[in-house]
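**Q** Can you look at this prediction? I've put the sequence above it.
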Amino acid sequence: MDNRITKSIIIKADAEQAYQIWENFENFPMFMKNVKSVSTTSPTGHLSHWVITGPMGKDVEWTAEMTTREEGRRIGWNTKDREGDVTTSGQVTFTQLGHGDTEVTVTMNYDPSQAGFIGEKVAQIFTNPEKMVEEDLSNFKNYVEGRHDRTM
């Protein structure tokens, strides 16, 4: 099962500001509902370890590698050596629109089936992945614009 999602949102911030917040992956639990933690695991910042809330009380983990870094414009990633419970790849782009607005677009491929039974259970988390990405982008918009939702 290989799935591709593309979602966009317009936020009231310049592209560089939005990029800087996104580039610090350790911010992700502040606006991504299922992300428990992201920690940088390499001196260059290109590797990160991800932990999300998984099924049946089990955390789901993987290592991601940043494959593209265009300052203020784009970040790309993929799962490092297909390790962990999920295989993902994708990119996020930041397009300056004028009047201080930026379009943020996430394109993501994911395949939780790599991990057998656990992967099947992880797939249940992604039963409506488009809605999940929309919610995460909306939370990111609120975070960047200073409207933090403390109830997440």
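**A** That came in fine, so what should we check first? Numbers count the residues shown, from 1 in each chain.
**Q** if you count residues, which helix in the chain comes out on top?
**A** helix 129-144 (DSSP state H).
**Q** Check which residues of that helix are buried.
**A** Under the neighbour-count criterion of 16 or more other Cβ atoms under 10 Å, helix 129-144 has 129, 132-137, 139-144 buried. Yep, even glycine has a C-beta here, placed from its N, CA and C like the rest.
**Q** hmm, which two among the residues you listed are most spread apart?
**A** Greatest spacing in the buried residues of helix 129-144, by Cβ to Cβ: Pro129 and Val144 (22.1 Å).
**Q** what does the model give Phe126 for pLDDT?
**A** Per-residue confidence (pLDDT) for Phe126: 54.
**Q** again with Ser8
**A** So, for Ser8, pLDDT stands at 97.
**Q** bridging residues for it?
**A** Bridge pairing for Ser8 (DSSP bridges) gives the partners Thr105.
**Q** Have a look at the protein and report the helix or strand with the lowest mean pLDDT.
**A** Across the helices and strands of the chain, mean pLDDT, DSSP states H and E gives its lowest value to helix 116-125, namely a mean of 53.
**Q** Ala64 touches Asn78, doesn't it?
**A** Yes: assessed by Cβ atoms under 8 Å, Ala64 is found in contact with Asn78 at 6.9 Å.
**Q** Can you classify the closest residue to Met108 other than its chain neighbours by secondary structure?
**A** In this structure, Met108 finds its nearest non-sequential neighbour in Gly90, 3.7 Å apart by Cβ to Cβ, 6 or more residues apart in numbering. Put simply, Gly90 is strand when judged by DSSP: H, G, I helix; E, B strand; the rest coil.
**Q** count of neighbours near Gly90?
**A** Using other Cβ atoms under 10 Å, Gly90 has 19 neighbouring residues.
**Q** For it, which residues are in contact?
**A** Gly76, Trp77, Asn78, Val106, Thr107, Met108, Asn109 (Cβ atoms under 8 Å, 6 or more residues apart in numbering).
**Q** Alright, calling it a day.
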